[in-house]
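K.L.:
please work out how this folds:
(one chain, ligands or ions: 2)
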Amino acid sequence: VEQSYIMIKPDGVQRGLVGEIISRFEKKGFLLKGLKLFQCPKELAQEHYKDLSERPFFPKLIEYITSGPVVCMAWEGAGVVASARKLIGATNPLQAEPGTIRGDLAVQTGRNVVHGSDSADNGKREIALWFKEGELAQWESVHTPWLIE
Ligand code: GTP
Ligand code: MG
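P.N.:
Ligands and ions are numbered 1, 2, ... in the order given. Next comes the predicted model:
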């Protein structure tokens, strides 16, 4: 089954948005497989965002992601990667639609409160990067028959 790595960035934690953000994925109907509050080491942030390492904002991005604890999550469900990107909204919160997390809760690209994997392959890669073996739960929700026909 498809999984997406979703992460509440340090601004989301500091601003007290953890419950609100988790709630949006819960209410949508995805299955929470992993969850932890975590102080990200610099090396991990660099590895996670390695595709952006040549960009001028990269040092600021690493400083941002390591500036306080993040909430790491693994969410599962058919189509979760693309759907989570829609729930999150555009990278620049000023361009993100109202109703999306960034559209409702943020104003600047450099403080856009949440990360979501951009492909199923990256979902796998990122969950393996941020979670250790045994940290993901094996469970099924009683809601499933009411979500999927
Ligand atoms: P993520 O879900 O965090 O990966 O965001 P994204 O997929 O919407 O955007 P992208 O992967 O292109 O960039 C990763 C993150 O780098 C963004 O979410 C921003 O936090 C940051 N970022 C991207 N572009 C800029 C920029 O021009 N300036 C600054 N300061 N940060 C940027
Ligand atoms: Mg991205």
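K.L.:
near ligand 1, which residues of this protein?
P.N.:
Contacts of the chain with ligand 1, taken as CB under 6 Å from any ligand atom, map to 52, 57, 60-61, 91, 109-110, 112, 115-116, 118. C-beta here means a position set from N, CA and C on the backbone, and glycine is covered the same way.
K.L.:
wait, which of these is closest to Lys9?
P.N.:
His115 (6.3 Å; CB to CB).
K.L.:
can you tell me which helix or strand the residue nearest to the closest one when sequence neighbours are not counted belongs to?
P.N.:
Of all residues not flanking His115 in the chain, Met7 sits nearest, at 4.2 Å (CB to CB, 6 or more residues apart in numbering). Here Met7 sits within strand 3-8, counting by DSSP states H and E.
K.L.:
so what touches that strand?
P.N.:
Applying CB atoms under 8 Å, 6 or more residues apart in numbering, the contact partners of strand 3-8 are 17-18, 21-22, 25, 33, 70-76, 80-81, 84, 88, 113-117, 120, 122-124, 126-127, 129-130.
K.L.:
switch the cut-off to 7 Å
P.N.:
Strand 3-8 is contacted by residues 17-18, 21, 25, 33, 70-76, 80-81, 84, 113-117, 123-124, 126-127, 130 when judged by CB atoms under 7 Å, 6 or more residues apart in numbering.
K.L.:
could you do stretch 90-97 as well?
P.N.:
By CB under 7 Å, 6+ apart, stretch 90-97 touches 89, 102-103, 106-109, 112.
K.L.:
touching, Ser141 and Leu31? I think so.
P.N.:
Yes - if you go by CB atoms under 7 Å, Ser141 and Leu31 touch, sitting 5.7 Å apart.
K.L.:
who's more crowded, the two?
P.N.:
More crowded of Ser141 and Leu31, by other CB atoms under 10 Å: Leu31, with 20 against 14.
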